[in-house]
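Asks: sequence and computational prediction follow.
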Amino acid sequence: MAVYIVKPGDSLSAIAAKHGIASWQVLYNHPSNAAFRTLRPNPNLIHPGDKINIPGSPGSQPATNTPIPAAEQPKYAMAIIDGTGPGEDAKYIPSMKYSFCRQLGDALEPINLGKYWRGPGPAGFEVEGLAQSAYEYLLGVHRSNPSTRLMLAGYSRGASAAILAAEHLEKNGNIPVDSLFLFDAVARHTISGGEVIPANVQFSRHVRRDLQATLVIKYEGSFSDAEIKGVSLTNSSNPMRPTFGNTGLTWRGNGDHLPAVPFAGSHGALGGVGWSFVTEDPMCQVRVASYMNAQLAARKVWHNLQSYRPDPTRRKLPGPNEFAFGMTLNALLLMKHRFDVKKAGQVP
C-alpha cells in the first residue's frame, strides 16, 4: 500500500492532483483514510508528517470504482447569490472575480455541492428572480434527496435574495434550511419580504459594515459608481454606504442565530471586493474571511475564503447631480424596509 507523507506547503488538492485522483474529496473520504479523517476533521488543516493512503495503489481499496460510503458523502447543497454590480457580464465578472460568493461558487459548483448566480444590476430589479432561481434549485435538490442539507449564501442585495429564497422554502412545505451565510445584506430591493430570517432557518451568520461616524465622514464624497448615463442608482459618494440599511438583523424561530457582526470597512470589503483607497479594507477582508471560514467549518463546509488585494482601477470621482439622486433613492428604500420590518413585528 502506498502511503504519502505530507510535506510543508502540501494541500489535499495538490496531493490528489499529483497522484491522478479526481478530487481531494475522493482522497479524503476514501475508506482507507478513515483514521486520517479522525485525526484531521478539517481537510483544510493538514500537517507535515501526516500519513495519507493513496487510493488505487497496491494494497489500498480502488478509488475510482469503490463508492464512498453513504455516511461519509457530503450531503449539502448551497445556493450562492452574489452582490450588486455592473449590468453587463463583461464588466461584472472581472469586478467580482474575487468576491467571497464567487469563491464559494468556484469551489462548490465543480463538485456539485452548490450553484452560483451573479448578483443584480445597479437598479436591483433582478432580486426577486434570483430568489426564485435559488429556491427552485434547492427545492429540486430536496425532492431528489430529502436528507441533503440545504444552504444559502449571499452578498449585498444577493443576501436579501437568499433570505427571500429561504422564505419561499418555508411557505412551500416548511422545508428546512440548514445554514444561511449573509455578507452585509442590504435593504435595497423594491419587493416585499427578505427582511427577517424565517423560522425554517436552523443556523445563520451575518457580517455587516460598521458604520462608525468617523469612517462615514472620512470617506464622504470620495468616489462615484455611476452606471447609467452618468446618474448613479446608489449613494455615489461613500463606499461605507451609510444609507443602504441592512436586512437579516432579526429572525423568527429558535435556530442557532447570532446578531450581525460588524467589521470596520466598506460595503465592498464585506463581500471580498474592497476599495484600494479605503485603508481599512484589506484588514477588513482578512477578518471577514477568517470569521466566515470558522462558520462554514462549523457546518462542515470545508472551503477557506481568501482575501485579495483591492483593485486600484475601480475608483471614479462623483459627477454632478449624482449625490442628490442617489441619496433620495436610498432614503426612500430605507424607509420602506424599516416599515416592512416593523410590520413583521421584528425591529432590530
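Replies: In hand now; what should we look at? These numbers come from a predicted model, not from an experiment.
Asks: C-alpha only now, for contacts and for neighbours.
Replies: Will do.
Asks: can you list contacts of the one helix or strand Gly268 maps to?
Replies: Using DSSP states H and E, Gly268 falls within helix 267-270. By CA atoms under 8 Å, 6 or more residues apart in numbering, the surrounding residues in contact with helix 267-270 are 183-184, 207-209, 239-241, 263, 274-275, 281-282, 284-285, 288.
Asks: out of those residues, which is most surrounded?
Replies: If you count neighbours using other CA atoms under 10 Å, the busiest of the contacts of helix 267-270 is Asp184, which has 33 neighbours.
Asks: isn't it up against His206?
Replies: Yes: if you go by CA atoms under 8 Å, Asp184 and His206 touch, sitting 6.8 Å apart.
Asks: what sits in contact with each of these two?
Replies: By CA under 8 Å, 6+ apart, no residue touches both Asp184 and His206.
Asks: lowest-pLDDT helix or strand in the chain?
Replies: Scoring the helices and strands of the chain by mean pLDDT, DSSP states H and E places helix 322-343 at the bottom, with a mean of 50.
Asks: where in the stretch 51-200 of the chain is pLDDT low?
Replies: When residues are selected by pLDDT under 70, those of the stretch 51-200 of the chain lie in 56-74.
Asks: how about the helices of it, start to end?
Replies: 89-95, 100-108, 127-144, 157-171 (DSSP state H, counting those that start in this stretch).
Asks: the second one: which residues count as buried?
Replies: Right, the one you point to is helix 100-108. Phe100, Cys101, Arg102, Gln103, Leu104, Gly105, Ala107, Leu108 (16 or more other CA atoms under 10 Å).
Asks: helices or strands up against it?
Replies: In terms of contacts (3 or more CA pairs under 8 Å, 6 or more residues apart in numbering; DSSP states H and E), helix 100-108 is packed against strand 76-81, strand 114-117, strand 149-155.
Asks: thinking again about what came up before, looking at the helices of the stretch 51-200 of the chain, which is buried most?
Replies: Highest mean neighbour count among the helices of the stretch 51-200 of the chain (mean count of other CA atoms under 10 Å): helix 157-171, with a mean of 28.
Asks: packing partners of that one?
Replies: Secondary elements touching helix 157-171 (3+ CA pairs under 8 Å, 6+ apart): strand 76-81, helix 127-144, strand 149-155, strand 179-183.
Asks: Asn145: neighbouring residues, count only.
Replies: Applying other CA under 10 Å, we find 11 residues neighbouring Asn145.
Asks: what does Leu45 give?
Replies: Leu45 has 10 neighbouring residues, counting by other CA under 10 Å.
Asks: wait, doesn't Cys101 sit right on Leu152?
Replies: No: when contacts are counted by CA under 8 Å, Cys101 is not listed as touching Leu152 (10.4 Å).
Asks: joint contacts of those two?
Replies: Ile80.
Asks: helices of the stretch 201-348 of the chain, residue ranges please.
Replies: According to DSSP H, counting those that start in this stretch, the helices that the stretch 201-348 of the chain contains are 213-219, 267-270, 281-298, 322-343.
Asks: in TSV, list the helices and strands packed on helix 100-108 along with mean neighbour count.
Replies: Converted to TSV, the helices and strands packed on helix 100-108 look like this (neighbours: other CA atoms under 10 Å):
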stretch	mean neighbour count
strand 76-81	28
strand 114-117	20
strand 149-155	27
